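Chemist: missing the sequence, but the structure's below:
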């Protein structure tokens, strides 16, 4: 392969890679009201209603030790599109959102847009948001 062709091909590949890096979307999730440094914060980024309903695996999941006050998470690896965020503070680190005998959560939780449901989780329409460029979701943990 001639050097000129090799350089031209290399430049084209480099330009494609740089375009993808420059157009990367940034999602930052700020969690407030973390009541104590006990257990873990479990965060899921959901790329569609199927993931929200539990019929598909979330596009991204993070689990980190809880830190009282405020915590934040950032990702720059998501393509533009429609997303939602679901968070729980697993105080006893059993991997579940514990609930009382009528099904009300007994551990802190939050959804994107600070959406809350009536007699159950919020609807997809209430939690979804558009990710284009840089987006920050500031979420308050509920009890």
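Modeler: That came in fine, so what should we check first? The structure displayed is predicted, hence computed values, not measured ones. Numbers count the residues shown, from 1 in each chain.

Chemist: How about the residue minimising distance to the centre of the chain: which residues does it bridge to?
Modeler: The centroid of the chain falls nearest to residue 45 when counting by Cα atoms, centre = their mean (3.0 Å). Counting by DSSP bridges, residue 45 forms beta bridges with residue 60, residue 85.

Chemist: got the contact list for it?
Modeler: Residue 45 makes contacts with 27, 58-61, 75, 78, 83-85, as judged by Cβ atoms under 8 Å, 6 or more residues apart in numbering. Bear in mind the C-beta positions are built from the backbone N, C-alpha and C, glycine included.

Chemist: And for residue 52?
Modeler: 46, 84, 86, 124, 127.

Chemist: Please report how far it lies from residue 125.
Modeler: With distances taken as Cβ to Cβ, to the nearest Å, residue 52 is found 10 Å from residue 125.

Chemist: Do a quick rundown of the strands in this protein.
Modeler: 25-34, 40-46, 60-65, 69-78, 81-90, 109-111, 129-131, 134-140 (DSSP state E).

Chemist: quick revisit: possible to save the contacts of residue 45 as a markdown table with pLDDT, distance to residue 38 and neighbour count?
Modeler: What follows is the contacts of residue 45, written out as a markdown table (pLDDT from 0 to 100; distance: Cβ to Cβ, whole Å; neighbours: other Cβ atoms under 10 Å):
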| residue | pLDDT | distance to residue 38 | neighbour count |
| --- | --- | --- | --- |
| 27 | 98 | 26 | 21 |
| 58 | 97 | 24 | 19 |
| 59 | 96 | 28 | 17 |
| 60 | 96 | 24 | 18 |
| 61 | 96 | 20 | 12 |
| 75 | 94 | 25 | 16 |
| 78 | 95 | 30 | 17 |
| 83 | 98 | 29 | 26 |
| 84 | 98 | 26 | 24 |
| 85 | 98 | 22 | 23 |
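
Chemist: so where is the chain shaky, pLDDT-wise?
Modeler: Within the chain, the ranges that satisfy pLDDT under 70 run 1-23.

Chemist: hang on, the earlier thing: how close does the residue nearest to the centre of the chain get to residue 102?
Modeler: 29 Å.
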